[in-house]
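*Asks:* fold the following.
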Amino acid sequence: MPAREEEMVKMRWVLAVFWLFAGTIAASADTTEEMIARLQAQGYSEITTSRTWLGRVRIVAQRQRAMREIILDPRNGAILRDYIAETTEIRRDPSAGRAEDARPEHVPPPRNHDGAEDRDNAAPAPERPERGASD
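*Replies:* Presented below is the predicted three-dimensional model:
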């Protein structure tokens, strides 16, 4: 094959790969915008988007006492996770101009590495007499 034809074949491959990725990026943006529009229609506000370490789209939205997190696959628009957590309260940070959600109601207390509840800040439990001990 002459050098000119080889160059044209390479250029076609480069363009094909470019258009493949450009279509994926555009589809990701469309899917993200559609999801944000749906969330707004459902009454969610304070919607933020970011990327995960794996390149997925993460959307976090707040509505009164609920926080919702949605993870999208940017390649095909599939919803990989849709998680809603009820919060006990919404604290406003006036300096930041945004809400910070409190611990969701169903989240258990922190645990130590051995699985026991972390009670470092709790009052000490009263001592109990050993079984079988007689006075």
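*Asks:* what's the one helix or strand I47 maps to packed up against?
*Replies:* Here I47 sits within strand 45-51, counting by DSSP states H and E. Identification of packing neighbours for strand 45-51 by 3 or more CB pairs under 8 Å, 6 or more residues apart in numbering; DSSP states H and E yields helix 3-41, strand 57-63. No exception for glycine: its C-beta is placed from N, CA and C like everyone else's.
*Asks:* contacts for that strand, please.
*Replies:* With contact meaning CB atoms under 8 Å, 6 or more residues apart in numbering, strand 45-51 is reached by 32, 36, 39-40, 57-63, 98-99.
*Asks:* export the residues you listed to TSV and tack on neighbour count and pLDDT?
*Replies:* TSV is the format used below for those (neighbours: other CB atoms under 10 Å; pLDDT from 0 to 100):
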residue	neighbour count	pLDDT
T32	17	87
I36	17	90
L39	19	91
Q40	12	91
V57	20	92
R58	15	94
I59	20	93
V60	17	94
A61	23	93
Q62	20	91
R63	16	87
R98	11	53
A99	16	51
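*Asks:* would you mind putting those into a markdown table with distance to M11 alongside?
*Replies:* Listed next are the contacts of strand 45-51 as a markdown table, based on distance: CB to CB, whole Å:
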| residue | distance to M11 |
| --- | --- |
| T32 | 32 |
| I36 | 37 |
| L39 | 42 |
| Q40 | 43 |
| V57 | 32 |
| R58 | 37 |
| I59 | 38 |
| V60 | 42 |
| A61 | 44 |
| Q62 | 48 |
| R63 | 50 |
| R98 | 48 |
| A99 | 51 |
